[in-house]
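K.L.:
generate coordinates for the sequence data below:
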Amino acid sequence: MGSINAVGTSPSLATDPTTGVLYGGGGGGNPNIITINPNTGVGVLLGASGLGFAAISALDFDANGILFASVNIAGDGGTGSD
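P.N.:
Predicted coordinates:
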């Protein structure tokens, strides 16, 4: 695991309603998933999303704690979603 510096920009945030854990998704061609401590702002790298050179522009959870993401998969790493 690493720090938020391993993620770069994080244009997306969502809180898991079942655990209260805050998650972030990377943008700018670095689509990693992180957890963020809401008290300190420190992020911990969970791992790569497997999306290659893409961007996670939005995250959201349903009431059961299932995570959904809106992503840019066109391969340009921009912040828009496909």
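
K.L.:
middle-most residue in this structure, spatially?
P.N.:
Nearest to the mean C-alpha position of the chain, by Cα atoms, centre = their mean, lies residue 25 at 1.1 Å.

K.L.:
what's the neighbour count on the closest residue to that one other than its chain neighbours?
P.N.:
Spatial nearest neighbour of residue 25, chain neighbours left out: residue 56 (2.9 Å); criterion: Cβ to Cβ, 6 or more residues apart in numbering. Where you see a C-beta, it was placed from the backbone N, CA and C, and this is true even at glycine. Using other Cβ atoms under 10 Å, residue 56 has 26 other residues around it.

K.L.:
for residue 56, list the residues it contacts.
P.N.:
By Cβ atoms under 8 Å, 6 or more residues apart in numbering, residue 56 lies in contact with 11-12, 25-27, 31, 33, 49, 69-71.

K.L.:
any idea how far residue 72 lies from residue 45?
P.N.:
Per Cβ to Cβ, to the nearest Å, residue 72 is found 20 Å from residue 45.

K.L.:
ditto for residue 28
P.N.:
The gap separating residue 28 from residue 45 is 15 Å, by Cβ to Cβ.

K.L.:
and the closest residue to residue 47 other than its chain neighbours, which of the three is it?
P.N.:
Nearest residue to residue 47, sequence neighbours excluded (Cβ to Cβ, 6+ apart): residue 33, at 6.3 Å. Recorded secondary structure, residue 33: strand (DSSP: H, G, I helix; E, B strand; the rest coil).

K.L.:
wait, residue 33 sits on residue 51?
P.N.:
No: in this structure, residue 33 is not within contact of residue 51 by Cβ atoms under 8 Å, at 10.1 Å.

K.L.:
what residue ranges in this protein are flagged as low confidence?
P.N.:
Applying pLDDT under 70 to the chain flags residues 1-9, 75-82.

K.L.:
which parts of the chain are strands?
P.N.:
Taking DSSP state E, the strands of the chain run over residues 12-15, 22-25, 32-36, 43-48, 55-61, 67-72.
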